[in-house]
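Enquirer: No letters, just coordinates:
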DNA sequence: TCAATTAACTAACAAATGTCAAGTGTAAGC
DNA sequence: GCTTACACTTGACATTTGTTAGTTAATTGA
């Protein structure tokens, strides 16, 4: 079955952080739902409570919203593997200000908040894992804030491609520029400068 | 006792989010330690595991580190009341890259990671509270990242003083500029422009 | 009290980034 | 195969922000 590979991916990832029993594994398989999406599919809408937390096995996913001028602002770019959703809204079951969209074709595992709570109640290991994932999301955002506040646009781009070398082949520069807090024209200039 | 007022502050804050029993209250009083610090006191060092999580009853506290050029970078400015520490390092008991320092004289309640874990084990309400505090820290950092990426320096300053009108009387503009990702000279220019 | 330090402001100039208006190339759809 | 749409680039110019240096005022410490 195609989904075996997907579950194995999530289980391997969890196993790097916590020790999983056969029962933990069974819970994951029971409650996580494998899904495939085509490029450019929007999988969560703004102004709605996010339905799922997504684990990205393959493909690239982003969060974005429209600003007052009607331009898309990309606030998160996921590099697989990893979880993605509008965390705050998902956790509190409140309306999200952001869309979740597949940039490329994606293999995902998704779970509802209700089912996530069930797994966390039944599996100590999975609860520990979910807390760690959450902590990593916080650490990630702290780093991101610090870099946006203290690095130049060029430094941010250089660091970004060093951290995510594969992303250039799959994600439009348009989204990368927005994520890094600059205009596409500025990113073009920076790239020309670096490559010469 | 002077510390009654401090505990009441924390308990009132917790009560806005969860329901506390007399036992929960007793646990807080038992494990949180009231402390007073003078202006400019450094209360956590970089390259060490943070000893405490701090609840700020009064006063202003910041996180900062030195960059490669030897300049101070302020990464967090606390506006009382609220918790402050180097969250990621505190949670994982790893070395922090940042100092924690009192900007003004401060009344704080502090707790070690060990004691925090004890309280969270003994009190469901306090565990819920700590998870909520943690989630709020994540939401805060997501908002901060988004604003740093998509707003101009002037927009960030205007929004900052709208959100924290009292801060100007207590926190040097030097720290505010760094926190908002700009140079002090730029902040001076922006302030002159706004006030004319 | 006085000297020394430091925060804050200012001004002139440099550098980085944004804006606007093209042009090029590629990929998708008819 | 052609057209359309769109990502990406480029160049000229405007604006913002950084840099450097000097001044002022307030604070700190001897």
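Expert: Sure, I can see it. These figures come from a predicted structure and were not determined experimentally.

Enquirer: Work out the gap between stretch A:177-184 and the centre of the chain.
Expert: Put simply, stretch A:177-184 sits 18 Å off its chain's centre (CA atoms, centre = their mean, to the nearest Å).

Enquirer: cool, stretch A:103-120 as well?
Expert: Offset of stretch A:103-120 from its chain centre (CA atoms, centre = their mean): 12 Å.

Enquirer: what about that stretch, start to end distance?
Expert: End-to-end distance of stretch A:103-120 (CA to CA, to the nearest Å): 30 Å.

Enquirer: what's the burial count for residue A:171?
Expert: The number of residues packed near residue A:171 is 20, by other CB atoms under 10 Å in any protein chain shown. Where C-beta positions appear, they are placed from N, C-alpha and C, glycine not excepted.

Enquirer: And what about it, helix, strand or coil?
Expert: coil (DSSP: H, G, I helix; E, B strand; the rest coil).

Enquirer: So which residue is dead centre in chain A?
Expert: With distances taken as CA atoms, centre = their mean, residue A:84 lies nearest the centre of chain A, 3.1 Å away.

Enquirer: can you tell me which residues contact the nearest residue to that one once chain neighbours are set aside?
Expert: With sequence-adjacent residues excluded and distances taken as CB to CB, 6 or more residues apart in numbering or on different chains, residue A:84 is closest to residue A:78, at 4.4 Å. For residue A:78, the contact set (CB atoms under 8 Å, 6 or more residues apart in numbering or on different chains) comprises A:56, A:60, A:61, A:62, A:84.

Enquirer: Wait, the residue nearest to the centre of chain A touches residue A:100, no?
Expert: Yes: Residue A:84 is within contact range of residue A:100, at 6.8 Å (criterion: CB atoms under 8 Å).

Enquirer: Mutual contacts of the two, please.
Expert: A:54, A:61, A:63.

Enquirer: one step back: can you redo the contacts of residue A:78 as JSON lines with secondary structure and distance to residue B:90?
Expert: Shown next, in JSON lines, are the contacts of residue A:78 (DSSP: H, G, I helix; E, B strand; the rest coil; distance: CB to CB, whole Å):
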{"residue": "A:56", "secondary structure": "strand", "distance to residue B:90": "29"}
{"residue": "A:60", "secondary structure": "coil", "distance to residue B:90": "32"}
{"residue": "A:61", "secondary structure": "strand", "distance to residue B:90": "30"}
{"residue": "A:62", "secondary structure": "strand", "distance to residue B:90": "30"}
{"residue": "A:84", "secondary structure": "strand", "distance to residue B:90": "25"}
